[in-house]
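Colleague: Need a 3D model of the sequence below.
(one chain, ligands or ions: 1)
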Amino acid sequence: MKKKWITGLTAALFIAGFGISAIAAENPPDALLMNACTKCHDSKKICNNLGKKDQAAWKSTIQRMVKKGAALSSAEQDAVSLYLFNLVPNSEPVCPKGK
Ligand code: HEC
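Modeller: I've put the predicted structure just below:
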């Protein structure tokens with residue numbers, strides 16, 4: 001009886017853990033960005049700022065965009081600001097190819 005309960009708990013934890021890693025894998029920062037940040041303007045606006053803002057500046061830009069309506073959780077804002085800070089200028093997908 002007790003054993004069954006433990007098996008059930010292990011299965012539940014396994015499913016929960018798998019669910020969380022699946023969400024993280026489905027939402028890498030570049031996908032989040034291209035989805036949430038191109039609703040009002042194209043990513044050229046973001047591209048133009050690569051290499052110019054430090055992470056704190058990106059974070060505050062993103063927070064401003066969230067106030068306007070960008071849909072990103074606070075963890076996602078951190079992930080995207082770190083991603084943008086580390087992105088080399090003219091990188092795809094933020095900067096369209098050949099521009
Ligand atoms: C609800 C509409 C909206 C969404 C969604 C949005 N933006 Fe903006 N963004 C604007 C508007 C309007 C401007 C121009 C006015 C301004 O700068 O406040 C702008 C300007 C910018 C600028 C240029 C100005 C600056 O401060 O460098 C950058 C960079 C930028 N957005 C990045 C982003 C990023 C990154 C995201 C995703 C987190 C995003 N935007 C999502 C509306 C939006």
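Colleague: Check which residues of stretch 70-86 are buried.
Modeller: Neighbour-count burial for stretch 70-86 flags 70, 72, 76-77, 79-81, 83-85 (criterion: 16 or more other C-beta atoms under 10 Å). For glycine as for every other residue, the C-beta is placed from the backbone atoms N, C-alpha and C.
Colleague: Give me the subset of those residues that lies in helices.
Modeller: Mapping the buried residues of stretch 70-86 onto helices (DSSP state H) picks out 76-77, 79-81, 83-85.
Colleague: can you narrow the residues you listed to ones near the ligand?
Modeller: The subset of these within reach of the ligand, by C-beta under 6 Å from any ligand atom, is Val80.
Colleague: Contact residues of the chain facing the ligand?
Modeller: 36-37, 39-41, 45-46, 49, 61-62, 65, 68-70, 72, 80.
Colleague: So which residues of the protein form helices?
Modeller: Using DSSP H, helices in the chain cover 2-26, 29-36, 44-47, 55-68, 74-86.
Colleague: The last one: how far from the chain's middle?
Modeller: Spelled out, that is helix 74-86. Centroid separation for helix 74-86 versus its chain: 6 Å, with C-alpha atoms, centre = their mean, to the nearest Å.
Colleague: Please name every helix or strand in contact with it.
Modeller: Here helix 74-86 touches helix 29-36, helix 55-68, going by 3 or more C-beta pairs under 8 Å, 6 or more residues apart in numbering; DSSP states H and E.
Colleague: The last one to helix 74-86, inter-axis angle?
Modeller: Same thing as helix 55-68. 130 degrees (axes from the mean of the first three to the mean of the last three C-alpha atoms, to 10 degrees).
Colleague: what's helix 55-68 in contact with?
Modeller: With contact meaning C-beta atoms under 8 Å, 6 or more residues apart in numbering, helix 55-68 is reached by 37, 40, 49, 53, 70, 72, 77-78, 80-82, 84-85.
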